[in-house]
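Asks: okay, sequence plus prediction incoming.
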Amino acid sequence: MDIQPIITILLYIAATLLLAENVFNILEKFTKNNLIILILGIFALSLHADILNQSIFLQTGFDVGFFNIISIIGWLVALIVLITSFFQPIQQLLLVLYPIAAITILLEQLFPNDRILDQSLPMGLRIHILLSISAYSLLMIGTLQALLLALQDKFIKSKQISKIIDILPPLQIMEQLLIQIIVIGFFLLSLSLTTGIMFIDNLFEQHLIHKTTLSILAWVIYAILLWGRWSLGWRGRRITRWILVGFIVLVLAYTGSKFVLELILQRV
């Protein structure tokens, strides 16, 4: 493994440990170090972006192998949360996302899996791929937010004393932020499906039928969720359950089908 991926992984780990200290006050002698955490995160994400650039944009075309795509998603999710944390209190999500981003780099380096797309790939298909990855990333953030909301709700209802309650904003703000994330993710997913219909010749070919069917099913689940929220006033656990089901279906559509096609069937 080259030195750059190792340094990037170490930066992610260092940022995670310092953030954990801020959140849980593990070592009392340490003081708040938000600026250091921010700098470490920015450097890690910048190096990660350069790794992706070297891995994906090749002279022969674009390498969109399974682990490259996973690495893009890990990087994009962490980047979105870091930027959003300047405006919304969701920095705690980086405790999970930085390690995930580090793991995706490790997997990408250890298990290269070339899947080269020609440089002449139509712009419409490039837009479709970008929208798909962006939708997946935002809905992943929404899922993590939903799990955090469910945990917070559980502690409050059981009247358990936990630092999680102290460091998180009120439930109402958490839920509003969650719905905002899901709305944007649902919009991007809608655009992804639309561009797929427009620019892919046959979405129901054998190698695409599972992805297409599951993506449409996920879209329906998120649509029902938002309808229930706005029309029936769904809140709390009901919203969380629908989000989890929708994201599981989306995982099967995007990563599951790609994993089967590239890593299992190729070895049969």
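Replies: Yep, that arrived.
Asks: what's the per-residue pLDDT of the spatially most central residue of the chain here?
Replies: In the chain, the residue lying closest to the centroid (C-alpha atoms, centre = their mean) is residue 137, at 3.4 Å. pLDDT, residue 137: 86.
Asks: where does it land in three-state SS?
Replies: Put simply, residue 137 is helix when judged by DSSP: H, G, I helix; E, B strand; the rest coil.
Asks: tell me the contacts of it?
Replies: Contact partners of residue 137, counting by C-beta atoms under 8 Å, 6 or more residues apart in numbering, are 73, 76, 77, 80. C-beta coordinates here come from the backbone N, C-alpha and C atoms, glycine included.
Asks: ok, for the second one, nearest residue in space, not its chain neighbours?
Replies: So that's residue 76. Leaving aside its chain neighbours, residue 76 sits nearest to residue 137 (4.4 Å; criterion: C-beta to C-beta, 6 or more residues apart in numbering).
Asks: ok, the third one next?
Replies: For residue 77, the nearest residue in space outside its immediate sequence neighbours is residue 137; the separation is 4.7 Å by C-beta to C-beta, 6+ apart.
Asks: and the first one, by the same measure?
Replies: Counting by C-beta to C-beta, 6+ apart, residue 73 lies nearest to residue 137, which is 5.4 Å off, once chain neighbours are set aside.
Asks: how close does the one you found sit to residue 122?
Replies: Look at residue 137 and residue 122: by C-beta to C-beta, to the nearest Å, they are 23 Å apart.
Asks: same check on residue 77?
Replies: Distance, residue 77 to residue 122, using C-beta to C-beta: 27 Å.
Asks: more neighbours, those two?
Replies: Between residue 77 and residue 122, residue 77 has the larger neighbour count (other C-beta atoms under 10 Å), namely 25 against 10.
Asks: did I read that right, the more buried one in a strand?
Replies: No - per three-state DSSP, residue 77 lies outside any strand segment and is helix.
Asks: that one is in contact with residue 142, isn't it?
Replies: No - counting by C-beta atoms under 8 Å, residue 77 does not reach residue 142; the two are 10.5 Å apart.
Asks: what is the neighbour count of residue 46?
Replies: Residue 46: 13 neighbours (other C-beta under 10 Å).
Asks: hey, which helix or strand in the chain has the poorest pLDDT?
Replies: Least confident helix or strand of the chain, by mean pLDDT, DSSP states H and E, is helix 257-259 with a mean of 51.
Asks: and the gap between residue 79 and residue 234?
Replies: 30 Å.
Asks: about what we covered before: now the contacts of residue 137: which count as buried?
Replies: 73, 76, 77, 80 (16 or more other C-beta atoms under 10 Å).
Asks: avg pLDDT for the helix or strand where the last one lies?
Replies: Using DSSP states H and E, the secondary-structure element containing residue 80 is helix 66-84. pLDDT averaged over helix 66-84 equals 87, rounded to a whole number.
Asks: strands of the stretch 101-250 of the chain, start to end?
Replies: In the stretch 101-250 of the chain, the strands defined using DSSP state E, counting those that start in this stretch lie at 116-117.
Asks: before we move on, the earlier item: for the helix holding residue 80, packing partners?
Replies: helix 34-56, helix 94-110, helix 123-157, helix 257-259 (3 or more C-beta pairs under 8 Å, 6 or more residues apart in numbering; DSSP states H and E).
Asks: now these as a markdown table including distance to residue 20?
Replies: Converted to a markdown table, these look like this (distance: least, C-beta to C-beta, whole Å):
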| stretch | distance to residue 20 |
| --- | --- |
| helix 34-56 | 10 |
| helix 94-110 | 6 |
| helix 123-157 | 15 |
| helix 257-259 | 31 |
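Asks: compare those and say which comes out lowest on pLDDT.
Replies: The weakest mean pLDDT among the helices and strands packed on helix 66-84 belongs to helix 257-259, with a mean of 51.
Asks: return the distance of the spatially closest residue to residue 250 that is not a sequence neighbour relative to residue 230.
Replies: Spatial nearest neighbour of residue 250, chain neighbours left out: residue 218 (4.3 Å); criterion: C-beta to C-beta, 6+ apart. Relative to residue 230, residue 218 is positioned 19 Å away (C-beta to C-beta).
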